[in-house]
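>>> structure for the following, please:
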Amino acid sequence: MPEWTSMVGAAQLARLLASQDGVRQAAGRRVPAYRALADGIRLLVLEGRVAVAARLPAERELAAALRVSRTTVAAAFEALRAEGFLASRRGSGSWTAVPAGRPLPGRGLEPLPPEAAGSMIDLGCAALPAPEPWLTRALTGAMAELPPAARTHGDFPAGLPSLRQALADRYTARGVPTMPEQIMVTTGAMGAVAAIRRLFASSGERVAVEHPSYANVLQLMREAGARLVPVPMGEGLSGWDMPAWRRVLAAASPRMAYVVADFHNPTGALIPDSQRGELVAAARAAGTVLVVDETMADLTLDLAPGERPPRPVCAFDHGGSGVITVGSASKAFWTGLRIGWVRAAPEVIRALVAARSYADMSSPVVEQLALAWLMTGGGWQEAVALRLAGVRDNRAAVVAALRRELPGWEFQVPSGGLTLWVRAGGLSGSRIADTAERLGVRVPSGPRFGLDGAFEGYLRVPFIVGGEVADEAAARLATAARLVAEGGGVLDAPLGAIA
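Presented below is the predicted three-dimensional model:
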């Protein structure tokens, strides 16, 4: 079994290195050609644009693609090996690595308890307060409809029939005919992903994930013993890197793949219809179960007149058995309403329900009744509209504050979702996050959303605050960035300078 899990072609690596020129120029250093090449490859690994354990092209091939001497490439590879960013074996080639003992932030994201927050601005989780008066109305409606359910045992492993019907109707209205037998209600989206993982990917199985990806799902997969195979996202908000997906699916044959097609967390990318269909076809050919998380799907902030959002990924699954969809009320409505769901083929739903008896049994009845009340004419659309108006205002405030206080930081404004994926001006995201917390603002660093220390130069900044709070958060981040820059937390710094 080779030590590498994916491959980077010479032409592809040359293009990626060319995109780093601005960073190297900004560093203002004159370095030998081999050192510049080594630094460029190291930075690509730290940013997650080249995965750890990716096989690099042969020295001769890369030299030809870069139009440099083979001696330059050989010296760069030797420098990377000495620093722990490259491993080699005769007959197997060379593949990227991370230095032994390097701190790798990897745990999931957890909010501060409200009573412990104090003056801290908590941007750690992309979550918002409930949209009132709709939460109160939904719970009042649920209590009115509770008596019939209360006369039963209260255990509904597949979910309340009324909510399963409402969710099936919702998919049908989106152009994907669905029966209640294709729905299982879960305790949040994480409960749905955990149940699917248990059914399809036991410990040791390969699971392909976007890179970066949602931190809590990555941690769930790690703790379950999955062998995660990263697939880089496309540039900016362009969507998936489909050539990379085809290579990984063909070479690694992962048992399962987890993706976020609608306002990807953390980048905010919205995947176009063409790529959705391509990925479904590629996963089917590889025998890979495609798990699609639609938690952000309702959070469309910008839609031109006459424009329609992309179709659900499951609409491209013409056989009906290759795509499993996960949804949740947590982002569009309220995280405290711990209700999620799975849409899949009836036989998959039956298997998930059967396996649930030794997991969490079923989901809370009152919360299910509240969501069913909302979705069957009680005000779901009005509540979501209220949520979107607030998020638009927050996005405008956070974007303006960051551009004013941190003009050197780079990001693209997504057309929906809740998050900005921010490149922190060549500084260490981990150092900024640590310093910022001491200054009273919590943000997650990029490596939480990657594997093996990738995305060290990034932060995820959710637009969940507005007005003066957004201004203050950006000001504290700017102070943190200045302190980190003065202390040497720069990605181009020598090994050991980055905590």
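>>> these two touch, right, I271 and G277?
No - the pair I271 / G277 is not scored as a contact, 10.3 Å apart, by Cβ atoms under 8 Å. C-beta coordinates here come from the backbone N, C-alpha and C atoms, glycine included.
>>> more neighbours: those two, which one.
Legend: neighbour count by other Cβ atoms under 10 Å for I271 and G277, higher for I271 (25 against 16).
>>> beta partners of the closest residue to M7 other than its chain neighbours?
Nearest non-adjacent residue to M7, counting by Cβ to Cβ, 6 or more residues apart in numbering: R55, 4.6 Å away. Note on R55: beta-bridge partners by DSSP bridges are M7, W95.
>>> I'd say R55 and G9 touch.
No - between R55 and G9 there is no contact under Cβ under 8 Å: 9.9 Å.
>>> those two: which has the busier surroundings?
Using other Cβ under 10 Å, the more surrounded residue of R55 and G9 is R55, with 19 against 16.
>>> show me which positions of stretch 180-199 end up buried.
For stretch 180-199, a neighbour-count test (16 or more other Cβ atoms under 10 Å) marks 180, 182-197, 199 as buried.
>>> again, but for stretch 243-259
244-249, 252, 254-259.
>>> cool, stretch 38-48 as well?
Buried residues in stretch 38-48 (16+ other Cβ under 10 Å): 38-48.
>>> go through those residues and flag which are in helices.
Per DSSP state H, helices hold the following members of the buried residues of stretch 38-48: 38-46.
>>> rewinding a little: redo the buried residues of stretch 38-48 as CSV? Include distance to K331 and pLDDT.
CSV is the format used below for the buried residues of stretch 38-48 (distance: Cβ to Cβ, whole Å; pLDDT from 0 to 100):
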residue, distance to K331, pLDDT
A38, 41, 89
D39, 38, 84
G40, 37, 86
I41, 37, 90
R42, 35, 85
L43, 32, 79
L44, 31, 83
V45, 31, 82
L46, 29, 74
E47, 26, 71
G48, 24, 71
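>>> from those residues, pick the one nearest L86.
Using Cβ to Cβ, I41 comes nearest to L86 of those, at 7.8 Å.
>>> next one: the residue nearest to that closest one when sequence neighbours are not counted, what pLDDT does it get?
Leaving aside its chain neighbours, I41 sits nearest to L80 (6.2 Å; criterion: Cβ to Cβ, 6+ apart). L80 carries a pLDDT score of 92 in this model.
>>> pretty sure L80 sits against G40.
No - contact criterion Cβ under 8 Å: L80 and G40 do not qualify, at 10.4 Å.
>>> find residues that contact each of these two.
Residues touching both L80 and G40 (Cβ atoms under 8 Å, 6 or more residues apart in numbering): there are none.
>>> any regions of this structure where pLDDT drops low?
1-6, 19-30, 100-110, 114-117, 488-499 (pLDDT under 70).
>>> domain map for it?
6-96, 114-126+393-487, 134-378 (automatic domain parsing).
>>> and the first one, how far out from the chain middle?
The one in question is domain 6-96. Here domain 6-96 is found 26 Å from its chain centre; the criterion is Cα atoms, centre = their mean, to the nearest Å.
>>> then stretch 256-264?
Going by Cα atoms, centre = their mean, where stretch 256-264 is centred and where its chain is centred differ by 7 Å.
>>> who's in contact with stretch 71-88?
Contacts for stretch 71-88 (Cβ under 8 Å, 6+ apart): 3, 33-35, 37-38, 41-42, 45, 56, 59, 62-63, 66, 94-100, 102, 495.
>>> which of these are buried?
The buried subset of the contacts of stretch 71-88 (16+ other Cβ under 10 Å) comprises 34, 37-38, 41-42, 45, 56, 59, 62-63, 66, 94-98, 102.
>>> the stretch 351-499 of the chain: strands as residue ranges?
419-423, 441-442, 458-462 (DSSP state E, counting those that start in this stretch).
>>> ok, residues contacting the shortest one?
Meaning strand 441-442. Contacts for strand 441-442 (Cβ under 8 Å, 6+ apart): 112, 120-124, 433, 436, 472-473, 476-477, 480.
>>> ok, that strand: who's next to it in the sheet?
When DSSP bridges is applied, strand 441-442 pairs with strand 121-122 (parallel).
>>> and the angle from the longest helix anywhere in the chain to strand 458-462?
Longest helix of the chain, by residue count under DSSP H: helix 380-405. Per axes from the mean of the first three to the mean of the last three Cα atoms, to 10 degrees, the angle that helix 380-405 makes with strand 458-462 is 130 degrees.
>>> so which of the buried residues of stretch 180-199 belong to helices?
188-197, 199.
>>> got the phi and psi for V326?
phi -110, psi 140 (degrees, to the nearest 10).
>>> what's around it, how many residues?
26.
>>> give me the beta-bridge partners of it?
Beta-bridge pairing of V326, defined through DSSP bridges, involves D293, V342.
>>> test my guess that it contacts D293.
Yes - counting by Cβ under 8 Å, D293 is a contact partner of V326 at 4.8 Å.
>>> which residues do the two both contact?
189, 193.
>>> could you pull out the buried residues of stretch 306-321?
For stretch 306-321, by 16+ other Cβ under 10 Å, it's 310, 312-317.
>>> now do that stretch: distance to the chain's middle.
Counting by Cα atoms, centre = their mean, stretch 306-321 comes out at 20 Å from the chain centroid.
>>> restrict it to CA atoms and write it as PDB.
Only the C-alpha atoms of stretch 306-321 are listed here, as PDB (Å, rounded to 0.1, in the frame of the first residue of the first chain):
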ATOM      1  CA  GLY A 306     -35.900  35.500 -12.500                       C
ATOM      2  CA  GLU A 307     -32.900  33.500 -11.200                       C
ATOM      3  CA  ARG A 308     -33.500  30.100  -9.600                       C
ATOM      4  CA  PRO A 309     -31.300  28.400  -7.100                       C
ATOM      5  CA  PRO A 310     -29.500  25.200  -8.100                       C
ATOM      6  CA  ARG A 311     -31.500  22.000  -8.000                       C
ATOM      7  CA  PRO A 312     -31.100  19.700  -5.000                       C
ATOM      8  CA  VAL A 313     -28.200  17.200  -5.600                       C
ATOM      9  CA  CYS A 314     -30.600  14.300  -5.100                       C
ATOM     10  CA  ALA A 315     -32.500  15.500  -8.300                       C
ATOM     11  CA  PHE A 316     -29.500  14.200 -10.300                       C
ATOM     12  CA  ASP A 317     -29.600  10.800  -8.700                       C
ATOM     13  CA  HIS A 318     -31.900   9.100 -11.300                       C
ATOM     14  CA  GLY A 319     -31.500   5.700  -9.700                       C
ATOM     15  CA  GLY A 320     -32.600   7.000  -6.400                       C
ATOM     16  CA  SER A 321     -30.000   5.100  -4.300                       C
END
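>>> neighbouring contacts of it?
171, 174-176, 259, 261-262, 270-273, 276-277, 279-281, 284, 290, 292, 294, 297, 300, 303, 323, 325, 343, 345, 347-348.
>>> which of those residues are buried?
Buried among the contacts of stretch 306-321 (16+ other Cβ under 10 Å): 171, 174, 176, 259, 261-262, 270-271, 276-277, 279-280, 284, 290, 292, 294, 297, 300, 323, 325, 343, 345, 348.
>>> would you check how far apart the residue nearest to A478 when sequence neighbours are not counted and R350 are?
Once flanking residues are discounted, A478 sits nearest to E405: 4.1 Å by Cβ to Cβ, 6+ apart. To R350, E405 is 53 Å away according to Cβ to Cβ, to the nearest Å.
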